[in-house]
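Undergrad: Provide a 3D model corresponding to the input given below.
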Amino acid sequence: MPFTASHIAAILPFWKQNKRYISQTGLIAGAIVPDFEYFFRMSRVSDVSHTWWGFLLFGLPVGLMLTYLWHNVARDPLIKNLPYFFQKRWRVYTGWSWERHFKKNWKPILLSLALGCLTHFLWDSFTHRTGFVVEAIPFLSEEAFANFAWYRLLQHGSTLLGATILVYAISKMPTEDKHIKPIIGRYWLSVFLITLIVFSARMLAGNIQPAIDFGTTIISLLSAGLIGLLLAPSFLPSKK
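TA: Numbers count the residues shown, from 1 in each chain. Model (predicted):
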């Protein structure tokens, strides 16, 4: 599995299209949602989400769930507690109602979910053993070097390229220095402790040895971190 966030690079060409037809949230959710079966299972198993029919059974409902959880639970606390570099670029995306936006724009949101998911499938088709492009072009399954097939090289190379493009795109986003506040230590302490508890429980319950199953270890750690981001806001002081 390549770095999931790298998939967001594939939707950047659509980022500034007419918002009557395109939702940035929908694009991002669609681009990453197929990998969430890994996170739900906390393992390298994906039986449903990376199939075409899996988009209807998994991608669409889970993608909508991700948009809701992001905007209503994780978004504001996370952005307001990010380092200055990110806050001044993303603070503008806080403090607005997702429910009202969804009621008025559900069609472009669903369309963007589908488009984002399509970019994920297309990317994976070149970089996974069972991808339709890899199966159609036998050369991609041949060994490049050191037991690495060409599709594996494409997988890791495109992951690095996607991450680089994403970092560059973020650096070019407009900045706003107003309303920047200090980071709340309790927030990140809560994220860390929740992540540690969930990750430790997963490793012990599954009897996972990091040195042997490195992939499952990383996926479990990422899953635990996502749970931490969802639960940590409940430990912040309530607004009066």
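
Undergrad: all strands for this structure, in order.
TA: 143-145, 148-149 (DSSP state E).

Undergrad: paired strands for the first one, with orientation please.
TA: The strands that strand 143-145 pairs with in its sheet are strand 148-149 (antiparallel) (by DSSP bridges).

Undergrad: need the residues that contact the strand it pairs with.
TA: Residues outside strand 148-149 that contact it (Cβ atoms under 8 Å, 6 or more residues apart in numbering) are 129, 140, 141, 142, 143. From N, CA and C alone the C-beta is placed, and that goes for glycine too.

Undergrad: follow-up on the earlier one: which one of the strands of the chain lies closest to residue 28?
TA: strand 148-149 (29.7 Å; Cβ to Cβ).

Undergrad: isn't residue 44 up against residue 215?
TA: Yes: with contacts counted by Cβ atoms under 8 Å, residue 44 reaches residue 215, the gap being 4.9 Å.

Undergrad: the lowest-mean-pLDDT helix or strand in the chain: which residues count as buried?
TA: Sorting the helices and strands of the chain by mean pLDDT, DSSP states H and E puts strand 143-145 at the bottom, at a mean of 84. Counting neighbours by 16 or more other Cβ atoms under 10 Å, one finds that strand 143-145 has no buried residues.

Undergrad: got it, and stretch 119-133?
TA: Counting neighbours by 16+ other Cβ under 10 Å, stretch 119-133 gives 119, 120, 121, 123, 124, 125, 126, 127, 128, 131, 133 as buried.

Undergrad: can you give me the helices in this protein?
TA: 24-32, 36-41, 52-54, 60-69, 75-79, 84-90, 98-127, 132-136, 150-171, 185-205, 214-231 (DSSP state H).

Undergrad: point out the most buried one among those helices.
TA: Among the helices of the chain, helix 24-32 has the highest mean neighbour count (mean count of other Cβ atoms under 10 Å), at a mean of 25.

Undergrad: now the angle from it to helix 60-69?
TA: Put simply, helix 24-32 runs at 130 degrees to helix 60-69, going by axes from the mean of the first three to the mean of the last three Cα atoms, to 10 degrees.

Undergrad: which residues touch residue 30?
TA: 11, 59, 63, 112, 113, 114, 115, 116, 117, 118, 119, 120.

Undergrad: biggest separation within those, which pair?
TA: 11 and 59 (14.2 Å).

Undergrad: those two: who's more crowded?
TA: residue 59 (29 against 23; other Cβ atoms under 10 Å).

Undergrad: so who does that one touch?
TA: Per Cβ under 8 Å, 6+ apart, neighbours of residue 59: 30, 33, 34, 49, 113, 117.

Undergrad: next, format those as JSON lines and append distance to residue 176.
TA: Shown next, in JSON lines, are the contacts of residue 59 (distance: Cβ to Cβ, whole Å):
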{"residue": "30", "distance to residue 176": "27"}
{"residue": "33", "distance to residue 176": "29"}
{"residue": "34", "distance to residue 176": "33"}
{"residue": "49", "distance to residue 176": "36"}
{"residue": "113", "distance to residue 176": "28"}
{"residue": "117", "distance to residue 176": "31"}
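
Undergrad: what's the most distant pair in those residues?
TA: Counting by Cβ to Cβ, the most remote pair of the contacts of residue 59 is 49 and 113, 13.0 Å apart.
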